[in-house]
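> Got a predicted structure plus its sequence, pasted below:
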Amino acid sequence: MTTFTHGPDIQLEFKPSHFFQPFTIKSCKTYNSTRTLENPASQALVSLQGHDFDDKAPVEVRGKRILDVLGLHDICKVRVRDGKGKQWVDVKGMIRNISEQLTDPQGKPGRNVQISLAGIGQALVDYQIFWHPHIAARSNLGGMGYLIRSKGRPPKGRPDEVLHQLADTFFNDDYIFRLADQTPINQAIFRNFGIITDGMAIIALSAMGMEGPLWQTLKRFSDAPWNELFVDIPHELNNPTSQALGDVPQFSYDNIHLYLRKTPYEREDWDRLAQKGSGWGFEYREEDRMEPGEMLARNVDKVYNFFWCPAKAVFAGKDQLAMVYNQSNGKLPIIDEDSVRKYGLRRLEQQTEYVQIANSAAAKQGVIPAADRVRMQTTALKWSDLLVDRTKRIARWNGYDKFEEGTIGTRGRIGADYNHGARIGGVITRQRDGKQFYITGIQQNWSHPGPHTTTLTVSRGHDPADYQAWWAKRLAIIGV
């Protein structure tokens, strides 16, 4: 393993609510952060030496007690330097906890301040959709609150259109708090939604009675697992167009993005991410590996061999499985008989709300009307074609029994550089054998004066040629 490392030069930019100008300090003693695809809020733990800002701090706070300057929900932006010397924003978040610590290591008193941060994506979890009979104007009793806020238009359309409608509705509320710099949440979180084709909610979805975190509602209607919804700091090399939740087109590296995209497990999407210069593709070498090293394993619990994707909204009185089986000429369900003999029957059934066989004609003939085909940008002729495609994808993504998952420890990596970066939702290639892995989580670790290290949580590790050969063989058998 390598001894190579670099100084991460941790910079903490604070913007307390009672200070007009932000200020930056570099007296960080330890820094740890975590970001995952599943959690919209990144987490960070920062330790500062001393209870007061030292003489290297900006003059306006120098010598002042840290807890007298910083308060809960004050903004902190953390910048970290990569191995090439470029600074990247790792976390932009709010102070969730701040404490003074007095320790006596080896008989010598030590003073530290520990700060816990949660990324601004935490607002999507904190925003609660609820009902209460005594707060009629703010509640969602019987869906009335939703109808009022959405002006009587329940969400329908493609997944990206539905999520836009939900964001417009629930981020238009007097109870949304502002950040310490008075930025409304709907301007601090940007939508970066791709156009999601091959599916559409014709009948409005029942979001009216939803309760709980807004994040759960958005995830539910994202049409997973065929699509991904996640939050990240934007590190694309080519500035993409993006849209604020307040419908103001703009772009900023200092704000977080709410991404909606097709799950990139199809070969063309995967290769597009993995390539050098994409901003999502990375490579690591033997000399980059550091503690805890590589801990990778295959997991039989992630292997499936019976696949079936039903539609959620179906014309009443019809046996959907029989109907789709007949309309698809027996293509569904998809079964890997060799795998069944080896592992036993392992079923994966995943419903979709975006294939709606909504009337007797559709149930009998299964033909997608021309207007609907245009709206959902699909070449499919029948509703069953959409279900076959979805089923085929989850079979391709979950039937291979050589995928590896686990963690990879490397020297400090951050940002979009192919040799020095890493980000959730990206693909990293192991140089020694060409195996590729999907990055689902990133931990940054640094303690003065030690090395900056990064631990990547990865899944779907595979040899691309072997994986493609497996699917080509399966495709010849199932004939879909």
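Structure received.
> How is this structure divided into domains?
11-117, 120-263, 301-399 (automatic domain parsing).
> next helix or strand past whichever strand or helix holds residue 217?
Taking DSSP states H and E as the definition, residue 217 sits inside helix 214-220. Using DSSP H and E, the helix or strand that directly follows helix 214-220 along the chain is strand 227-232.
> Tell me which residues are up against that following strand.
Strand 227-232 is contacted from outside by 35, 37-38, 40-42, 119, 121, 124, 159, 163, 189, 196, 218-219, 222, 256-264, 423-425, using Cβ atoms under 8 Å, 6 or more residues apart in numbering. Yep, even glycine has a C-beta here, placed from its N, CA and C like the rest.
> how near is the residue nearest to residue 424 when sequence neighbours are not counted to residue 87?
Nearest residue to residue 424 in three dimensions, chain neighbours excluded: residue 37, at 5.1 Å (Cβ to Cβ, 6 or more residues apart in numbering). As judged by Cβ to Cβ, to the nearest Å, residue 37 and residue 87 stand 24 Å apart.
> So which of the two has more stuff around it?
residue 37 (20 against 14; other Cβ atoms under 10 Å).
> Would you check that residue 178 makes contact with residue 187?
No: using Cβ atoms under 8 Å, residue 178 is not in contact with residue 187, being 9.3 Å away.
> higher neighbour count, these two?
Comparing residue 178 with residue 187 by neighbour count (other Cβ under 10 Å), the higher total belongs to residue 187, at 17 against 14.
> Among the domains of the chain, which comes closest to residue 458?
domain 11-117 (11.3 Å; Cβ to Cβ).
> Ends of the closest one, what's the gap?
14 Å (Cα to Cα, to the nearest Å).
> returning to what we had before: name the residues of the helix holding residue 217 that are buried.
By 16 or more other Cβ atoms under 10 Å, the buried positions in helix 214-220 come out as 214, 215, 217, 218, 219, 220.
> and if you look at stretch 289-308?
289, 290, 294, 296, 303, 304, 305, 306, 307, 308.
> ok, which pair from the residues you listed is furthest apart?
Largest pairwise distance in those, by Cβ to Cβ, is 43.7 Å, between 290 and 308.
> after the lowest-mean-pLDDT helix or strand in the chain, next one along is what?
Counting by mean pLDDT, DSSP states H and E, the chain has its least confident helix or strand at strand 243-244, which shows a mean of 40. Downstream of strand 243-244, the next assigned helix or strand under DSSP H and E is strand 256-262.
> Strands of the stretch 251-400 of the chain, residue ranges please.
256-262, 281-284, 289-297, 306-308, 334-335, 347-349 (DSSP state E, counting those that start in this stretch).
> so how far is residue 447 from the closest residue to residue 421 other than its chain neighbours?
Closest residue to residue 421 apart from its sequence neighbours, by Cβ to Cβ, 6+ apart: residue 415 at 4.1 Å. Counting by Cβ to Cβ, the gap from residue 415 to residue 447 is 21 Å.
> With neighbour numbers in mind, choose between those two.
Using other Cβ under 10 Å as the criterion, residue 415 and residue 447 rank with residue 415 on top: 23 against 14.
> surely that one meets residue 233?
No: between residue 415 and residue 233 there is no contact under Cβ under 8 Å: 9.3 Å.
> Across the sheet, point out what pairs with the residue minimising distance to the centre of the chain.
Among the residues of the chain, residue 230 comes closest to the average C-alpha position under Cα atoms, centre = their mean, at 2.2 Å. Per DSSP bridges, the residues bridged to residue 230 are residue 259.
> quick revisit: of the buried residues of helix 214-220, closest to residue 268?
Each of those was scored against residue 268 by Cβ to Cβ, and residue 219 proved nearest at 25.3 Å.
> number of nearby residues for residue 382?
Neighbour tally, residue 382, other Cβ under 10 Å: 17.
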